[in-house]
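Undergrad: Curious how this folds, go ahead:
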Amino acid sequence: MEIKLDDLNGLEIKALIGEHLANMAETSPPESIHALDLDGLKKPDITFWSVWEHGALVGCGALKELDRGHGEVKSMRTASSHRRKGVARAMLAHIVEEARRRGYRRLSLETGSMDAFKPARTMYESFGFEYCSPFADYKEDPNSVFMTKEL
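TA: As a prediction, this is how the structure comes out:
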């Protein structure tokens, strides 16, 4: 797998982000969807990567700088036809390493509390993320869980 910095202009990545947003709309009520659209992912405080295997887009992820010592994992997605291949683990390891390289002291994330998000929560736990209260601009939400990892 190859992880590349991505400008979000390619057709493949636009389709994967579209799949991600559609899936969020299927699994979460509108007020609980915190996934960013293409414009949101192009903001200067966000770095976005795509994951490729043999010329095929297999996943993506992003890192948002909340402040000089705190980052947020955003837009983790594995293409549905490439699940259970380690794509998300590779992307998350890349994001954690980049957060450390930047000198962040903490890395946090928001994900769903529903059963559909259990595989994601299990993966985050395996990386040492622990459950926490809402951070940044997030509010308590029964459809969300918040996790953080000290770096």
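Undergrad: all strands for this protein, in order.
TA: 2-5, 46-53, 56-67, 70-78, 106-112, 130-132, 144-150 (DSSP state E).
Undergrad: now these in TSV, with mean pLDDT, distance to Glu26 and mean neighbour count?
TA: Heads up, the C-betas are built off the backbone N, CA and C, glycines and all. As requested, the strands of the chain are arranged in TSV below (pLDDT from 0 to 100; distance: least, Cβ to Cβ, whole Å; neighbours: other Cβ atoms under 10 Å):
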stretch	mean pLDDT	distance to Glu26	mean neighbour count
strand 2-5	98	27	12
strand 46-53	98	23	20
strand 56-67	97	19	20
strand 70-78	96	14	23
strand 106-112	97	11	21
strand 130-132	98	24	12
strand 144-150	97	16	18
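Undergrad: Nearest to Ile13, out of the ones you listed?
TA: Ranking the strands of the chain by proximity to Ile13 (Cβ to Cβ) places strand 46-53 first, at 5.5 Å.
Undergrad: May I have the strands that pair with that closest one, each with its orientation?
TA: strand 2-5 (antiparallel), strand 56-67 (antiparallel) (DSSP bridges).
Undergrad: who touches that strand?
TA: 1-8, 10, 12-13, 16, 36, 40-42, 57-65, 74-75, 82, 85, 87, 90-91, 94-95, 98 (Cβ atoms under 8 Å, 6 or more residues apart in numbering).
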